[in-house]
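**Q** Quick one: sequence plus predicted model below, questions after.
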Amino acid sequence: MKNETTRELFAYWDTCRGARAAPDRTDIEPGAIRRILGDTFILGFDPLRGHPFRIAGTRLCALFGRELKERPFRGLWAEGSAGALDDLVTIIAAEKNGVVAAAHGETADRQRLELELLLLPLGYRRGMPARLLGALSAVQRPYWAGVKPLGALTLGVYRHIGPALDVVLPPRFAAVPTGESPRRRFVVLEGGRSD
């Protein structure tokens, strides 16, 4: 995670979840992340509606020059990236692991902005739709960010993150055979260089 916003939101999410796979929506307290609130959002898991924004921060809305609440998250992405984003959101909701990804967008006058995306699952009660907590923020914020709106975003490299993926298992070794087996010995064979 390159961006301070991404690291702070992930740390907060990780603290809120405790021993669970994901925190519940009601565990998220906006005041606890007020410094990064402008770059954060909550999505509804609704593939038919393009995963609409339930809440979108002010800096995020300024990047696109419009209010994002109730608009589809899928609508921010170029056609080549939208399908991959749909797949990622589905995996996040099902497996309760997050994703951190690189992305970029361009303004109408072709100024490029590098972004970092974080998508994290939120737990939900029976009968309630799934939600995702996320952040989308500039890696380096240029002077024109928020003045010139970004066009469609392109997804870059990404990796899955979360509690299930952070566990490092020790390597497994083959069991030593028991019983009377002949012991192998080191054997030197003649040959090689003759000088």
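**A** Received, thanks.
**Q** Going by C-alpha atoms from here, please, whenever you check contacts or count neighbours.
**A** Will do.
**Q** So what touches the helix ranked longest in the chain?
**A** When the chain is parsed with DSSP state H, its longest helix is helix 79-95. Helix 79-95 is contacted from outside by 45, 47, 50, 74-75, 97-99, 119-121, 130-132, 153-155, using C-alpha atoms under 8 Å, 6 or more residues apart in numbering.
**Q** Mind checking which of the residues you listed are in helices?
**A** Going by DSSP H, the helices hold none of the contacts of helix 79-95.
**Q** For PyMOL, write the selection for the buried entries among those residues.
**A** The following PyMOL line selects those of these that are buried, judged by 16 or more other C-alpha atoms under 10 Å:
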select buried, resi 45+50+74+97+98+99+119+120+121+130+131+132+153+154+155
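**Q** how about Ala135, secondary structure?
**A** strand (DSSP: H, G, I helix; E, B strand; the rest coil).
**Q** do the same with Thr15
**A** Thr15 - assigned by three-state DSSP - is helix.
**Q** From Phe45, how far off is it?
**A** Per C-alpha to C-alpha, to the nearest Å, Thr15 is found 23 Å from Phe45.
**Q** From the contacts of helix 79-95, which land in strands?
**A** Members of those lying in strands (criterion: DSSP state E): Gly98, Val99, Leu119, Leu120, Pro121, Arg131, Leu132, Thr154, Leu155.
**Q** Which strand residues bridge the second one?
**A** Beta-bridge partners for Val99, by DSSP bridges, are Leu119, His160.
**Q** coming back round to it: pull out the buried positions in the longest helix of the chain.
**A** Ser81, Ala82, Leu85, Asp86, Leu88, Val89, Thr90, Ile91, Ile92, Ala93.
**Q** what's the answer for stretch 33-43, then?
**A** Quick answer for stretch 33-43 (16+ other C-alpha under 10 Å): Ile36, Leu37, Gly38, Asp39, Thr40, Phe41, Ile42, Leu43.
**Q** Quick check: the gap between the residue nearest the centre of the chain and Pro149.
**A** Most central in the chain under C-alpha atoms, centre = their mean is Val99, positioned 2.0 Å from the mean C-alpha point. Note on Val99: its distance to Pro149, by C-alpha to C-alpha, is 25 Å.
**Q** For Tyr12, which three-state class applies?
**A** helix.
**Q** Check Arg66 too.
**A** Quick answer, by three-state DSSP: Arg66 is coil.
**Q** Let me know how buried it is, in neighbour terms.
**A** When neighbours are defined as other C-alpha atoms under 10 Å, Arg66 has 12 of them.
**Q** Now do it, the pLDDT please.
**A** For Arg66, the pLDDT comes out at 95.
**Q** again, but for Leu113
**A** 94.
**Q** Just want the phi and psi numbers for it.
**A** phi -130, psi 120 (degrees, to the nearest 10).
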